[in-house]
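A.B. asks: coords below, sequence missing:
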């Protein structure tokens, strides 16, 4: 009898664990696919800038303001959404947020003035503000403890979508006009269906969104509050470095290629696709490697390690520009997952708020960066912008000031 009871206590948890793992990976894959659709839509905004610049007769400063409107709408709202849903999980908020994105897409396809474009991208930004903190929380819930892997898989979908946007824009929008943006509303509708299915799992597993107090206390890093705040500030500065540089590439790389190498718009979009695809390809590295060797080391490599390539980029020919952009994309892409999970480990139990804060800051820095760099390009040149931004990754030296979270945790155990 004792043997039978012993077998039961072993096999039942194993069976439950196996079932849980199947559910977890189905949710992670669904989230990654939703992120792909969401970011494909979002990446259309900078991808159609050459079309809009010609059709609406706007300058680089106005292009920067379009990005600023989109990014700041998402940036300001994301931490608030994350803070609210930490306390009050909202299973159907993802589908509602995508509804804002769908509305923005339809408006953008028919926007024939600068201010209507601003309204359209603002609606897309609102959808993003809901999507990123909530889906990041779901990835954390479904991770089974492998938080770095889960965030990287989630980010992989987003970066793959970001790389597809310019390519699809080159094939569908650039040759046939702005109205063809409306075809991408199909992607938004598919995303809504997927998110409704995810919501059903979320609704049944809301208890995972709020870890038990004992679990939080057991995994918390024993650091003074002032030290944690200082570490978070360093991480936010590193986000600034990464996303200011990314703003130069995602928003102005095509203009740089057109200006320096006299490429047609469609060909320049293909080069942008190569860069963004490199980001997607390198995304999955940061999380799992961070789980294994420590996130601080990944942050070192991904931000400071990209500096030699960014410094070389403005001084080489077209072939080497493409080659260096691949190295930059692969190395730089591993940073965000590592930074996000590192911050979540510094402040356990606040997954949504931290995700909203860091996603929001990433969007905000990209928006501010785009506006500032657009203004600078109007007053100097695109070449000057790329020479200046090449130095930004050296801010990665600040990583040295971050506490060794993993080392402290291992000593506690």
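C.D. replies: Ah, there it is. In this text, all values refer to a predicted model and were calculated from it rather than measured experimentally.
A.B. asks: what distance separates the helix or strand harbouring residue 54 from the centre of its chain?
C.D. replies: In this structure, residue 54 sits in helix 49-56 according to DSSP states H and E. Distance of helix 49-56 from its chain centroid, counting by C-alpha atoms, centre = their mean, to the nearest Å, is 26 Å.
A.B. asks: cool, and stretch 72-92?
C.D. replies: 16 Å.
A.B. asks: buried stuff in that stretch?
C.D. replies: 72-75, 77-79, 81-86, 89-91 (16 or more other C-beta atoms under 10 Å). Placement of C-beta: from N, CA and C, glycine included.
A.B. asks: for this structure, what helix or strand is lowest in average pLDDT?
C.D. replies: helix 213-219 (a mean of 44; mean pLDDT, DSSP states H and E).
A.B. asks: quick check: what element follows that helix along the chain?
C.D. replies: Following helix 213-219 toward the C-terminus (DSSP H and E): helix 225-261.
A.B. asks: got the angle for that next one vs helix 49-56?
C.D. replies: 70 degrees (axes from the mean of the first three to the mean of the last three C-alpha atoms, to 10 degrees).
A.B. asks: pLDDT (mean, whole number) over helix 225-261?
C.D. replies: Mean per-residue pLDDT for helix 225-261: 89.
A.B. asks: state the distance from residue 107 to residue 195.
C.D. replies: 21 Å (C-beta to C-beta, to the nearest Å).
A.B. asks: looking at these two, which one has more neighbours?
C.D. replies: Remark: of residue 107 and residue 195, residue 195 carries more neighbours, 28 against 19, as counted by other C-beta atoms under 10 Å.
A.B. asks: quick one: which helix or strand includes the more buried one?
C.D. replies: helix 185-204.
A.B. asks: how about residues contacting that helix?
C.D. replies: 23, 27, 30-31, 33-34, 37-38, 40-41, 89, 91-92, 94-95, 98-99, 101-102, 105-106, 138 (C-beta atoms under 8 Å, 6 or more residues apart in numbering).
A.B. asks: okay, now residue 332: neighbour count?
C.D. replies: 25.
A.B. asks: next up, the contacts around it.
C.D. replies: By C-beta under 8 Å, 6+ apart, the neighbours of residue 332 are 242, 245, 246, 279, 282, 302, 303, 306, 393.
A.B. asks: wait, the last one sits on residue 303?
C.D. replies: Yes. Residue 393 is within contact range of residue 303, at 5.7 Å (criterion: C-beta atoms under 8 Å).
A.B. asks: overlap in contacts, those two.
C.D. replies: In contact with both residue 393 and residue 303: 241, 242, 332, using C-beta under 8 Å, 6+ apart.
A.B. asks: now, which of those residues sits nearest residue 66?
C.D. replies: Within these, the smallest distance to residue 66 is 21.3 Å, found for residue 242 (C-beta to C-beta).
A.B. asks: quick check, that closest one in contact with residue 338.
C.D. replies: No. Counting by C-beta under 8 Å, residue 338 is not a contact partner of residue 242; they are 11.0 Å apart.
A.B. asks: more crowded one of the two?
C.D. replies: residue 338 (30 against 26).
A.B. asks: circling back to that earlier point, looking at the buried residues of stretch 72-92, which is nearest residue 355?
C.D. replies: residue 82 (5.5 Å).
A.B. asks: any idea how far the closest one lies from residue 309?
C.D. replies: Counting by C-beta to C-beta, the gap from residue 82 to residue 309 is 33 Å.
A.B. asks: quick one on the thing from earlier: turn the shared contacts of residue 393 and residue 303 into JSON lines, including distance to residue 376.
C.D. replies: Converted to JSON lines, the shared contacts of residue 393 and residue 303 look like this (distance: C-beta to C-beta, whole Å):
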{"residue": "241", "distance to residue 376": "17"}
{"residue": "242", "distance to residue 376": "19"}
{"residue": "332", "distance to residue 376": "21"}
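A.B. asks: and the residues you listed, which is closest to residue 260?
C.D. replies: residue 332 (21.2 Å).
A.B. asks: so which strand or helix has the closest one?
C.D. replies: Judged by DSSP H and E, residue 332 forms part of helix 318-333.
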